[in-house]
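J.: Sequence plus predicted model, see below.
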Amino acid sequence: MKRKVSYIGRTTLLVCFLLLCSGLTAYAAFGDYALKYGTAGEDVAILQNKLSALGYDIKVIDGKFGRETLQAVRAFQADNQLESDGIVGGQTFQCLLSGRTAPSADQASRGYTVNPRSKGAQIALMAQQFLHVPYAWAGSSPGGFDCSGFIYYLYGQQGITVPRMADAQYQTGQRVEGNDLQLGDLVFFETYEPGPSHVGVYIGGGNFIHASSAAGEVTVTPLSKPYYAARYLGARRVTR
């Protein structure tokens with residue numbers, strides 16, 4: 001009799017455990033491991049549904065984390081001043097749960113707002129469509145970019161004419177302090193020669209996107225990365 005009770009008790013505990021796990025699947029997907037480009041399944045469909053409900057461009061909810069979902073995640077992260085890496089981990093998941101698409105409190109206190117229709121926001125979002133495009137010396141088209149060619153192309157697509165070279169781009173627009181960066185601002189660095197020799201686009205969350213010769217492609221990098229932090233020259237705002 002005791003053995004039978006013990007067996008029933010263990011079975012009941014197992015069933016309860018399985019039910020609990022099934023109920024926590026959505027949270028575990030975002031909280032315990034990251035959803036990222038290339039993953040698939042029900043949890044990705046949940047993510048796509050949430051992004052679509054918040055107004056981000058998800059045309060097909062298919063449970064596949066492809067380029068469309070990647071761009072939507074990056075846009076959401078940029079709007080919320082998160083690291084715009086396209087990976088849905090715990091922080092991004094918590095922000096998705098809250099449905100927050102507004103600037104953080106300290107940004108609001110400085111009068112900073114994100115207008116998704118602004119030229120800067122459009123440039124920052126468009127830039128992320130070219131992630132992993134190869135680096136090409138003197139390139140200024142989707143077939144391959146160098147750093148200033150990438151800027152020249154992006155701004156040109158928004159009807160804004162900027163000089164072709166990084167040092168001349170550094171002379172355009174208005175100077176922006178580091179704590180006032182907005183989407184689409186240009187960030188400059190002194191790398192292989194004195195003066196502004198490298199440039200990228202600020203995309204929010206302390207990150208910029210750029211055509212990197214070291215990476216061999218268009219990539220996203222934190223401004224805090226030691227190499228770039230030590231070579232940072234400043235930022236310019238060409239958009240209004």
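T.: That came through, no problem.

J.: so what's residue 229 closest to, chain neighbours aside?
T.: In space, and not counting its chain neighbours, residue 229 is closest to residue 223: 6.6 Å by CB to CB, 6 or more residues apart in numbering. Any C-beta I mention is one placed from the backbone N, CA and C, and that applies to glycine too.

J.: Determine which residue lies closest to the centroid of the protein.
T.: Nearest to the mean C-alpha position of the chain, by CA atoms, centre = their mean, lies residue 84 at 2.2 Å.

J.: Need the pLDDT of it.
T.: Per-residue pLDDT puts residue 84 at 84.

J.: and it, what element?
T.: For residue 84, there is no host helix or strand (DSSP states H and E).

J.: my read: it touches residue 207, true?
T.: Yes - the criterion here is CB atoms under 8 Å, and residue 84 meets it with residue 207 at 5.0 Å.

J.: what residues are shared contacts of the two?
T.: Common neighbours of residue 84 and residue 207, counting by CB atoms under 8 Å, 6 or more residues apart in numbering, are residue 220.

J.: contacts for stretch 182-193?
T.: The contact list for stretch 182-193 (CB under 8 Å, 6+ apart) reads 78, 112, 114, 118-124, 151, 166, 169-170, 173, 176, 181, 196-204, 208, 223, 228, 231-239.

J.: How is the chain partitioned into domains?
T.: When the chain is parsed with automatic domain parsing, its domains come out as 26-108, 115-237.

J.: looking at the chain, which helix or strand does the model trust least?
T.: helix 105-109 (a mean of 35; mean pLDDT, DSSP states H and E).

J.: Following the chain past it, name the next helix or strand.
T.: helix 119-127.

J.: can you give me the helices for the protein?
T.: 2-23, 25-31, 42-53, 67-79, 90-98, 105-109, 119-127, 147-157, 166-169, 226-229 (DSSP state H).

J.: Relative to the whole chain's centre, how far out is the third one?
T.: When you say that, I think you mean helix 42-53. Distance of helix 42-53 from its chain centroid, counting by CA atoms, centre = their mean, to the nearest Å, is 17 Å.

J.: and that helix with helix 67-79, angle?
T.: 60 degrees (axes from the mean of the first three to the mean of the last three CA atoms, to 10 degrees).

J.: Now helix 42-53: buried residues?
T.: Within helix 42-53, the residues that count as buried by 16 or more other CB atoms under 10 Å are 43-48, 50-51.

J.: Low-confidence stretches in this structure?
T.: Residues of the chain meeting the criterion pLDDT under 70: 1-33, 97-117, 240.

J.: tell me the contacts of the residue lying closest to residue 150 once chain neighbours are set aside?
T.: In this structure, residue 150 finds its nearest non-sequential neighbour in residue 211, 4.3 Å apart by CB to CB, 6+ apart. Contact partners of residue 211, counting by CB under 8 Å, 6+ apart, are 133, 135, 139, 145-147, 149-150, 217-218.
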